[in-house]
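**Q** Give me a model of this one.
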Amino acid sequence: MRAFIIPVVIVLGFLMGAVTLMATAPELVPTAPAPIAKTARILEINPENVQLTVNSQGSVMPSTESQLIPEVSGRIIWMSPNLVAGGYFSAGDVLLRVDQVDYKNESDRAKASLSRAQAEQQHAQFEYRRLVSLEERKLTSRSQLENGLRAYRVADAALQDAKVNYLQAQQNLERTQLLAPFTGLVRSESVDIGQFVSRGSAIGTIYANDLVEVRLPIADRQLAFLNLPPTLRGELPDNMRPNVTLSAEYAGQQLSWQGQIVRMEAEIDVSSRMVQLVARVENQPDAAPLSIGLFVNAEIQGLTAANIVVLPRQALRNNNQVLVVDADNKLHFRDIEPLRLYQDSVLIKSGLKRGERVCISPLQTAIEGMSVNPIVDDV
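**A** Okay, the predicted model is just below:
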């Protein structure tokens, strides 16, 4: 009996101990860990006036280019050493001379004919005046006076014809020297000394380098930033010509030139759907010239937009939204109206107020009302 009671008592003791431990054990309450606020760079809104610009690229081309054409025929007896591809010349320089012997003889004959016509006209004039005097005194007939008048008019017409012939002969003699019509360079030439050239046949191509032009393609939607009405074509009025800065790296140096947009071409390029603007630059004698064929970058000065907020491009979220940080350092989505995306910035024209704080960190997950640890950015 004792052998049975003792184990039962031990088991009951253990059960009572277990019940006591379970009754007196502390209750475990589950708790969630406090969220750690993410660090976010913020920028305080300060609207400002922004000078809009439009960028483009293009190649430099001459504003004036023409073919070199002699006005008389003949054999070339002299050529300027500058009449070669790439040669430089000034306005009025003699580029080549044609044999002028025939034209000198023609001029001398015309001069002799002019002298004879002058003598005939003077004699006819004297005879007519004498007949007028005789007719007033009834010493000659009316028919003789009319014959004298006719002879005078014929002689006068012959004199005018001789003058024109002489002037034409003088011009032909002068045209045996081919003069440069402007200051510029030679693109190409196709003649040499001793060669016979014909009047009206092109012997070379020249272009002016005092004024150069650059065709700049831009998207049609960018015209709104330049204040150029879409209906305007051709040469722009002086008060509507935007300034443009052209730049290029040439011979290891970064060079820049100032010019103006002078016209807008009427046609839109069918392949690129671009509008072509033409910039004109005046080469200065004391500065590096803008060489023909050089590829340049262009920055066209546009309108000045008022009360514009400039933010880094990564601050813009989907659906034209930004994240605004309130006084409690919580994030809120805000709809904005962007004016333009330009390089690494976004220009905003409405939706934000001065003094508000915008998150510019590229947060992967942003939730409405999420707490952040703001750090003021200096951009």
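**Q** List the contacts of P70.
**A** With contact taken as Cβ atoms under 8 Å, 6 or more residues apart in numbering, P70 is in contact with L96, V98, R175, L178, V197, S198, R199, G200, S201, I203. Where C-beta positions appear, they are placed from N, C-alpha and C, glycine not excepted.
**Q** Out of those, flag the one nearest to E65.
**A** Using Cβ to Cβ, I203 comes nearest to E65 of the contacts of P70, at 15.1 Å.
**Q** excluding its backbone neighbours, what's nearest that closest one?
**A** Nearest non-adjacent residue to I203, counting by Cβ to Cβ, 6 or more residues apart in numbering: V191, 4.5 Å away.
**Q** same deal with D161?
**A** A117 (7.4 Å).
**Q** Equivalent analysis for A202, please.
**A** A202's closest residue in space is Q67 (Cβ to Cβ, 6+ apart), at 4.1 Å.
**Q** Surely the one you found and T205 touch.
**A** Yes: counting by Cβ atoms under 8 Å, T205 is a contact partner of Q67 at 5.5 Å.
**Q** on that earlier part again, the contacts of P70: which two are farthest apart?
**A** Among those, the pair separated by the greatest distance (Cβ to Cβ) is L96 and G200, at 15.5 Å.
**Q** Is A202 in a helix, a strand, or coil?
**A** coil (DSSP: H, G, I helix; E, B strand; the rest coil).
**Q** same question, V164
**A** helix.
**Q** Low-confidence ranges, the stretch 101-250 of the chain, go.
**A** For the stretch 101-250 of the chain, the stretches with pLDDT under 70 are 229-233.
**Q** after the longest strand belonging to the chain comes which helix or strand?
**A** Looking across the chain with DSSP state E, the single longest strand is strand 295-312. Helices and strands here follow DSSP states H and E; after strand 295-312, the next one along the chain is strand 321-325.
**Q** contact partners of that next one?
**A** 40, 42, 311, 315-317, 331-336, 348, 351-352, 356-359, 363, 366, 372, 374.
**Q** Please name the nearest non-neighbouring residue to P217.
**A** P217's closest residue in space is M274 (Cβ to Cβ, 6+ apart), at 3.7 Å.
**Q** tally of neighbours for that neighbour?
**A** 17 (other Cβ atoms under 10 Å).
**Q** Now do the contacts for it.
**A** P217, I218, A219, D220, I268.
**Q** try 10 Å
**A** M274 makes contact with S56, R215, L216, P217, I218, A219, D220, Q222, I268 under the criterion Cβ atoms under 10 Å, 6 or more residues apart in numbering.
**Q** Y128 contacts T140, correct?
**A** No: using Cβ atoms under 10 Å, Y128 makes no contact with T140, being 11.5 Å away.
**Q** the more surrounded of the two?
**A** Between Y128 and T140, counted using other Cβ under 10 Å, the more crowded position is Y128 (20 against 16).
**Q** my guess is the more buried one is in a helix, correct?
**A** Yes: under three-state DSSP, Y128 sits within a helix.
**Q** Numbering from 78 from now on, please.
**A** Will do, 78 is the new start, and the previous item becomes Y205.
**Q** And the helices in this protein, which stretches?
**A** 79-101, 178-213, 219-251 (DSSP state H).
**Q** Would you reformat the ones you listed as CSV and include distance to Q335?
**A** Shown next, in CSV, are the helices of the chain (distance: least, Cβ to Cβ, whole Å):
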stretch, distance to Q335
helix 79-101, 91
helix 178-213, 47
helix 219-251, 40
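**Q** Please name the nearest non-neighbouring residue to S167.
**A** Counting by Cβ to Cβ, 6+ apart, the residue nearest S167 is T260, at 4.9 Å.
**Q** which residues does the one you found contact?
**A** Y165, F166, S167, A168, G169, D170, A285, N286, D287, N360.
**Q** Narrow those residues to just the buried residues.
**A** F166, A285, N286, D287, N360 (16 or more other Cβ atoms under 10 Å).
**Q** Show me this structure divided up by domain.
**A** Taking automatic domain parsing as the reference, the chain has its domains at 117-126+383-453, 131-140+286-382, 177-252.
**Q** For L191, give me its contacts.
**A** So L191 contacts A235, L236, D238, A239, K240, V241, N242, Y243, L244, A246 (Cβ under 10 Å, 6+ apart).
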